[in-house]
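> here is a sequence together with a model predicted from it:
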Amino acid sequence: MIKKICDRANGKKIEDLFFYAVILAFPVLQFCVFYIGVNFNSLLLAFKNYESYNSYSWSGLSNFENLFVMFGEKTLYAVAFKNSLKSFVWGTACGLLLGLFFSYYIFKKGFAYNFFKVCLFLPSIIPAIALVVMFKQFADGAMPQILGKIGFHVKGLLAEPKLTFGSIIFYNVWISFGTGILMYAGAMENIPESIFEAAKLDGASYGIEFFKIVFPLIWGTFSTFFIVNVGSIFINSMNIYAFYGPNAEESVYTIGYFLYNESVKTNAYANYPQLAAFGIVLSLITLPFVYLSKFILKKIGPAAD
Amino acid sequence: MKKTKNRLSGRFMSNPYSIITLVLLAIYVISLLFPTLWGFITSFKSNATDYLSNTLGFPKKWKFGNYVTAFNNYMIPVFKNGQESDYYIESMLLFSVLYAVGSAFFSALTCCLAAYATSKFNYKFSKVIYSVVILTMTLPIVGSLPSEIRTIKALNLYDNMIGMWILKANFLGLYYLVFFTTFKGLPKDYSEAAYIDGASDFTVLFKISLPLVKNIFMTIMLIKFVEFWNDYTVNITYMPSFPTLAYGLYDYSISTKPQINNTPMRLAGCFILMIPVFTVFIFTHDRIMSNLSVGGVKE
């Protein structure tokens, strides 16, 4: 009898293991090829040089040496670096914080909150390219006329070189609220109602409720968004390709745009090793900042109190 | 109950924080809706006789024909094997549907299956997978696109619709965590009863667990569908022979053809692309905008 039960249990274990292997086979294989394989290949590529079509040979550290020479010679890298950092600072300061306040308003079901929720989410569902086309035409077509009527004369928000990158940052913040709002509101919904009731009995104002209760309790979600933002400083292309295609002016280059544009150019193979080396350097620059911000957020966050 | 809710909302609206937020939200909505309305009205103008002299006003004569011209000029020439084929809006619509639905389905399914296996079976490998997801979410890998392009070319997946579905079907990211916590939170009663009745793991998965998370599956699939539908870079990067509508608009927006190289025509082309997405959004906005959290979806 015991043997029979043991056999059945063993049979179930084997069946479970078989099921587990079958279900995970594709996801794990996909991950091995398109994450581990791709990144490992990228690492190797950084130490190679282009020979002929699809053929590369070892070149040691020459791609990294070239990078430092190019940093010194070309202003493009410095401009792209500065623009990427500017986008991160403004995107985080305005996008994350405004998103937080807007979400609290929606969570508290303020006046017309459903309408605002739909409007904030709308840019996330409209094709980016359609929004960019509309923004471009409005910024350079309608805005000069509107501003002209109140005494400001500009060629256009994008056409005026001094305003171009500022307008692009504004555009990127303007369309960025959608997913954040849903996530913050979802996190706020998870706060137990009893906490709000206790705060109300203690006479807490809404400001106190937000800063002392809601914000600390959704700190995890806020930290996640912040860390993801830090990690994508050099990945975010700021929709420059949608604005200008492959021919953007140097003054609006971001690192994300540069890497993408160089990777998809016709006959880009020759550049692949250099781009891979650049990618590694950028990853190494970003990595400590990601983990440092993770550490700081954990230290100053309410969980540490 | 409703009265209490209104009273609470009324109290909330009487404090300075909410009034400032309301003002900011109102400015945001105006900045969103005014250009959209302006764009829509402008798309009915004639460029030479109306737009240039009357940029902000209503059209003197509504030119509905702009949309017909825009429709007919959505055309992408594709060069393959030394031959040129022209793709028009119908073909682009088909490619968009195939790419967006296929990629959204397989990507949501991969996340769902990986989360199911790792949340239900307490093997060490499950913990490894979970840690990998968390790690890759914060690991900043920059500049791996050239290597990715080389890999998909080496695997014959470049310029291939099925290849795109495979490429997009990864389990990494936030949605894995959404499925993971949802499966963890499902009551075990049904599956245990099924196991006692002799059901296999596959039966429990397909007949019990998947139907219980079908709403979350649909929500994640819809969010991914919108993301893939709007992705204009896929044709530039991976799939040049299957132009989608989003890529069609990108090409249209930089076209120098005299018929469409002006503001009203560019905007007409823009609104043509928005129609299908708006239609999907109107019917599914409740589901797409349900509060998604790592604790699942609140209905």
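Cool, got the structure.

> from now on I want contacts and neighbour counts done on CA atoms only, so please keep to that.
Will do.

> near chain A at all, whatever helix or strand residue B:23 lives in?
Assigned by DSSP states H and E, residue B:23 belongs to helix B:16-42. Yes - shown here: helix B:16-42 in contact with chain A (C-alpha under 8 Å from any C-alpha of the partner chain) through B:17, B:18, B:21, B:22, B:25, B:28, B:29, B:32, B:35, B:36, B:38, B:39.

> which among the residues you listed end up buried?
With burial judged by 16 or more other C-alpha atoms under 10 Å in any protein chain shown, the buried subset of these is B:18, B:21, B:22, B:25, B:32, B:35, B:36, B:38, B:39.

> per-domain residue ranges of the chain.
Answering for chain A, as no chain was given. Under the assignment automatic domain parsing, the domains of chain A span A:2-45, A:63-304.

> please refer instead to chain B.
According to automatic domain parsing, the ranges for chain B are B:2-63, B:87-249+B:274-297.

> so what does the lengthiest helix in chain B touch, helix or strand wise?
Ranked by residue count, the top helix of chain B under DSSP state H comes out as helix B:89-120. Applying 3 or more C-alpha pairs under 8 Å, 6 or more residues apart in numbering or on different chains; DSSP states H and E, one finds that helix B:89-120 contacts helix A:2-31, helix B:124-138, helix B:161-168, helix B:174-185, helix B:214-229, helix B:245-254.

> where does chain A have low pLDDT?
A:1-9, A:53-54, A:303-305 (pLDDT under 70).

> find me the pLDDT at residue B:6, would you?
In this model, residue B:6 is scored at 49, pLDDT.

> about what we covered before: out of the domains of chain B, nearest to residue A:87?
Residue A:87 lies closest, by C-alpha to C-alpha, to one member of the domains of chain B: domain B:87-249+B:274-297, at 16.7 Å.

> avg pLDDT for that closest one?
The pLDDT scores in domain B:87-249+B:274-297 average 89.

> in stretch B:179-188, what's buried?
For stretch B:179-188, the neighbour count (16+ other C-alpha under 10 Å) marks B:179, B:180, B:181, B:182, B:183 as buried.

> could you pull up the contacting residues of the closest residue to chain B within the stretch 1-150 of chain A?
Chain B sits closest to residue A:127 of the stretch 1-150 of chain A, with a gap of 4.4 Å, by C-alpha to the nearest C-alpha. Residue A:127 makes contacts with B:229, B:230, B:231, B:246, B:273, B:274, as judged by C-alpha atoms under 8 Å, 6 or more residues apart in numbering or on different chains.

> wait, isn't the fourth one in contact with residue B:229?
What that stands for is residue B:246. Yes - with contact defined as C-alpha atoms under 8 Å, residue B:246 reaches residue B:229; the gap is 7.1 Å.

> now the common contact residues for those two.
Common contact partners of residue B:246 and residue B:229 (C-alpha under 8 Å, 6+ apart): A:127, B:96.

> in stretch A:197-210, what counts as buried?
A:199, A:204, A:206, A:209, A:210.

> in helices only, show me those residues.
A:199, A:206.

> in JSON lines: the buried residues of stretch A:197-210, plus distance to chain B.
Shown next, in JSON lines, are the buried residues of stretch A:197-210 (distance: C-alpha to the nearest C-alpha, whole Å):
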{"residue": "A:199", "distance to chain B": "14"}
{"residue": "A:204", "distance to chain B": "12"}
{"residue": "A:206", "distance to chain B": "7"}
{"residue": "A:209", "distance to chain B": "11"}
{"residue": "A:210", "distance to chain B": "10"}
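
> the buried residues of stretch A:197-210 into JSON lines, with extra columns for distance to residue B:73?
Formatted as JSON lines, these follow (distance: C-alpha to C-alpha, whole Å):
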{"residue": "A:199", "distance to residue B:73": "61"}
{"residue": "A:204", "distance to residue B:73": "61"}
{"residue": "A:206", "distance to residue B:73": "54"}
{"residue": "A:209", "distance to residue B:73": "55"}
{"residue": "A:210", "distance to residue B:73": "52"}
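
> which among the buried residues of stretch A:197-210 gets closest to residue B:117?
Nearest member of these to residue B:117, counting by C-alpha to C-alpha, is residue A:210, at 38.6 Å.

> that closest one: what's it in contact with?
Contacts of residue A:210 by C-alpha under 8 Å, 6+ apart are residue A:104.

> go again using 10 Å as the cut-off
With contact taken as C-alpha atoms under 10 Å, 6 or more residues apart in numbering or on different chains, residue A:210 is in contact with A:101, A:104, A:204, A:216, A:217, B:17.

> all helices of the stretch 1-150 of chain A, in order?
Listed in chain order, the helices found in the stretch 1-150 of chain A under DSSP state H, counting those that start in this stretch are A:2-31, A:38-45, A:62-73, A:75-90, A:97-107, A:113-125, A:128-137, A:143-149.

> report how many residues lie close to the residue in the stretch 51-200 of chain B positioned nearest to chain A.
Closest residue of the stretch 51-200 of chain B to chain A, C-alpha to the nearest C-alpha: residue B:143 (4.1 Å). By other C-alpha atoms under 10 Å in any protein chain shown, 29 other residues sit near residue B:143.

> equivalent analysis for residue B:196, please.
9.

> please compute how far stretch B:123-135 lies from its chain's middle.
27 Å (C-alpha atoms, centre = their mean, to the nearest Å).

> just the buried residues of it, please?
Here stretch B:123-135 shows B:126, B:129, B:130, B:133, B:134 as buried, counting by 16+ other C-alpha under 10 Å.

> the last one: what's it in contact with?
Put plainly, it is residue B:134. Taking C-alpha under 10 Å, 6+ apart as the test, what residue B:134 contacts is B:128, B:172, B:173, B:174, B:176, B:177.

> picking that back up, now the residues of helix B:16-42 next to chain A as CSV including pLDDT?
Below are those laid out as CSV (pLDDT from 0 to 100):
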residue, pLDDT
B:17, 83
B:18, 85
B:21, 91
B:22, 93
B:25, 95
B:28, 95
B:29, 95
B:32, 93
B:35, 94
B:36, 93
B:38, 95
B:39, 94
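
> got a list of what residue A:27 touches?
Residue A:27 neighbours (C-alpha under 10 Å, 6+ apart): B:107, B:109, B:110, B:111, B:113, B:114, B:166, B:169, B:170, B:171, B:172.

> from those residues, pick the one nearest residue B:81.
residue B:166 (24.2 Å).

> hmm, residue B:102 and that closest one touching each other?
Yes - using C-alpha atoms under 10 Å, residue B:166 makes contact with residue B:102 at a distance of 9.5 Å.

> before we move on, back to that, how about the residue of the stretch 1-150 of chain A closest to chain B, phi and psi?
As for residue A:127, its main-chain torsions (degrees, to the nearest 10) stand at phi -50, psi 130.

> and the gap between it and residue B:244?
12 Å (C-alpha to C-alpha, to the nearest Å).

> which neighbours do the two have in common?
Common neighbours of residue A:127 and residue B:244 (C-alpha under 10 Å, 6+ apart) are B:229, B:230, B:231, B:232.

> quick check: phi and psi on the last one?
Reported as degrees, to the nearest 10, the phi and psi values for residue B:232 are phi -90, psi -10.

> skipping adjacent residues, who's closest to residue B:117 in space?
residue A:20 (6.0 Å; C-alpha to C-alpha, 6 or more residues apart in numbering or on different chains).

> before we move on, back to that, which one of the domains of chain B has the most crowded surroundings?
domain B:87-249+B:274-297 (a mean of 19; mean count of other C-alpha atoms under 10 Å in any protein chain shown).
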